[in-house]
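Novice: sequence first, predicted coordinates after that:
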Amino acid sequence: MNKIFQLFELKYVCSSMRQIIAFGIILLCLGANAQEVKLISVESLDNMIAEKGDQVKVYNFWASWCGPCVKEMPYFEELNSSKSADVVFISLDFPEDMGKAQKLIEKKSIQSDTYLLNSTNYDEYIPKISEAWSGAIPATLFVSPSGKKYFYEKAFEKSELEQVVKSLASK
Amino acid sequence: MSDLMKKTILVITGLLVTVAVLFVNATDASENGYDVGDYAEDFSLKNIDGKSVSLSGYTSAKGFIVVFTCNTCPYAKAYEQRVIDLDKKYAAKGFPVIAINPNDINKQPDDSMDKMVERAKEKGYTFPYLRDDSQEVATAYGATKTPHVYVLNKEAAGKYKIEYIGAIDDSPREAADASEKYVEDAVNALLAGKKPAVTSKRAIGCTIKWKDA
């Protein structure tokens, strides 16, 4: 009898937990202005970069601890929302700092796709993204519609960024 | 037009193109700074004690661990203790650390000389911490980020050959997790009279805050 009671209690706890989770998900959806940061492997990122798009594709490398990166994020987000380019944010935060990256994406209401690169093998992935990259961030890789790559190891001002995208649209 | 004139024009055009190509290449090289195998020029920069420091002032040094770093970059901070430890380990052996802060203080006020003095005192720096106000040294080296390390071997007075460029080790977050200690390996090789097996390794860092042109 006692056992049955315990089971009953367990079931009750489980179902109320489910309710809480469901409620949480609903809340999350209501307030979901921002993207969810997903982990990505070096290989998947490589494949993604190799895919050509109809418009300029922009891969912005950033981290939640990098001031100039955070500053330029809205300029990139605007490119994406105005459909001038396909923007993907790649966080180089440590994989265990996923929460910090997510918090920042929410704070900045980022809608562009956002990933966190699941690798700390810097010397392997940095030259894969671009031979010209010494490893400093912010850094941005542009891929033109014909698949040509243009790499910039620097912070962008808004107008300069728009100009680069414009100039690459026909390349 | 005579044949001779045509030939002359061709030769002159050819020469001009060659000069132009050479010029473009030369600009490229200076933009990118030093490569491994290049010789570094000496510099004179102001230290946190107010005095100027030059490589030539170290008459008994066998080489140098030149570290472009700053007060503010999280990666530079993560490596700070390891830079202190490198100096403690290698200064007495003839490879002192020379730390250089190249960040523009208008963009990053916390990298001012006053703040550098504070930081060095607080952490007990045993090595010079220099301000590269004009950013000429960082430009000459081709430093792009903090931290960015150059291991120099003094072949003779005034001849500083660059033997390693890049990261300190392969674990920015935790010193204890490093499985490869690139700078230590390079210096150990040089102390043993050998060439470093690994001469460059890349790592993430903070872009140097350059002055607006």
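Specialist: Yes, it's here.

Novice: strands of chain B, start to end?
Specialist: Along chain B, counting by DSSP state E, strands occupy B:39-40, B:45-47, B:52-53, B:63-68, B:97-101, B:129-131, B:145-146, B:148-156, B:159-166, B:200-201, B:205-207.

Novice: which one of those lies nearest to A:E162?
Specialist: Of all the strands of chain B, strand B:205-207 sits nearest to A:E162, with 20.6 Å by CB to CB. Heads up, the C-betas are built off the backbone N, CA and C, glycines and all.

Novice: touching, A:K108 and A:E77? I think so.
Specialist: Yes: counting by CB atoms under 8 Å, A:K108 sits close enough to A:E77 to count as a contact (7.0 Å).

Novice: higher neighbour count, those two?
Specialist: Set A:K108 next to A:E77 and count neighbours by other CB atoms under 10 Å in any protein chain shown: A:E77 wins out with 19 against 15.

Novice: okay, the residue positioned nearest the centre of chain A: pLDDT?
Specialist: Using CA atoms, centre = their mean, the residue of chain A that lies closest to the mean C-alpha position is A:T114, 1.5 Å off. Looking at A:T114, its pLDDT is 97.

Novice: likewise for A:F5?
Specialist: 50.

Novice: give me phi/psi at A:L117?
Specialist: With angles defined as degrees, to the nearest 10, A:L117 sits at phi -70, psi 120.

Novice: does it really touch A:E43, like I thought?
Specialist: No: A:L117 lies out of contact with A:E43 (CB under 8 Å); the separation is 11.0 Å.

Novice: neighbour count winner among these two?
Specialist: The neighbour comparison of A:L117 against A:E43 (other CB under 10 Å) goes to A:L117, with 21 against 11.

Novice: residues in contact with the more buried one?
Specialist: Counting by CB atoms under 8 Å, 6 or more residues apart in numbering or on different chains, A:L117 touches A:I40, A:V42, A:L45, A:I90, A:S91, A:L92, A:Y125.

Novice: these in strands, which ones?
Specialist: Short answer: the contacts of A:L117 in strands (DSSP E) are A:I40, A:I90, A:S91.

Novice: which one (most neighbours) among those residues?
Specialist: Greatest neighbour count in these, by other CB under 10 Å, goes to A:S91: 28 neighbours.

Novice: so what's that residue scoring on pLDDT?
Specialist: pLDDT at A:S91 comes out at 97.

Novice: count of neighbours near whichever residue of chain A sits closest to chain B?
Specialist: Per CB to the nearest CB, A:A136 is where chain A lies closest to chain B, at 3.5 Å. Look at A:A136: counted by other CB under 10 Å, it has 27 neighbours.

Novice: same check on the one 4 residues further on?
Specialist: When counting by other CB under 10 Å, one arrives at 25 neighbours for A:T140.

Novice: ok, B:V83 next?
Specialist: B:V83: 24 neighbours (other CB under 10 Å).

Novice: again, but for A:D97
Specialist: A:D97 has 17 nearby residues by other CB under 10 Å.

Novice: so how far is B:K194 from it?
Specialist: 39 Å (CB to CB, to the nearest Å).

Novice: the residue of chain A closest to chain B: what's it in contact with?
Specialist: Here A:A136 is in contact with A:E153, B:T144, B:K145, B:I204, B:G205, B:C206, B:T207, B:I208 (CB under 8 Å, 6+ apart).

Novice: now, the most widely separated pair of the residues you listed?
Specialist: Spatially, the most separated pair among the contacts of A:A136 is B:I204 and B:I208, at 13.8 Å (CB to CB).

Novice: write out the residues of chain B neighbouring chain A.
Specialist: B:74, B:144-145, B:148, B:167, B:170-173, B:201-209 (CB under 8 Å from any CB of the partner chain).

Novice: which among those residues count as buried?
Specialist: The neighbour count (16 or more other CB atoms under 10 Å in any protein chain shown) marks B:74, B:144-145, B:148, B:167, B:170-172, B:201-209 as buried among the residues of chain B next to chain A.

Novice: okay, now the closest residue to B:K195 other than its chain neighbours: neighbour count?
Specialist: Of all residues not flanking B:K195 in the chain, B:A189 sits nearest, at 6.4 Å (CB to CB, 6 or more residues apart in numbering or on different chains). For B:A189, the count of nearby residues is 19 (other CB under 10 Å).

Novice: my read is that B:A189 contacts B:V183, right?
Specialist: No: using CB under 8 Å, B:A189 is not in contact with B:V183, being 10.9 Å away.

Novice: find the least confident helix or strand in chain A, judged by mean pLDDT.
Specialist: Lowest mean confidence among the helices and strands of chain A (mean pLDDT, DSSP states H and E): helix A:2-30, at a mean of 53.
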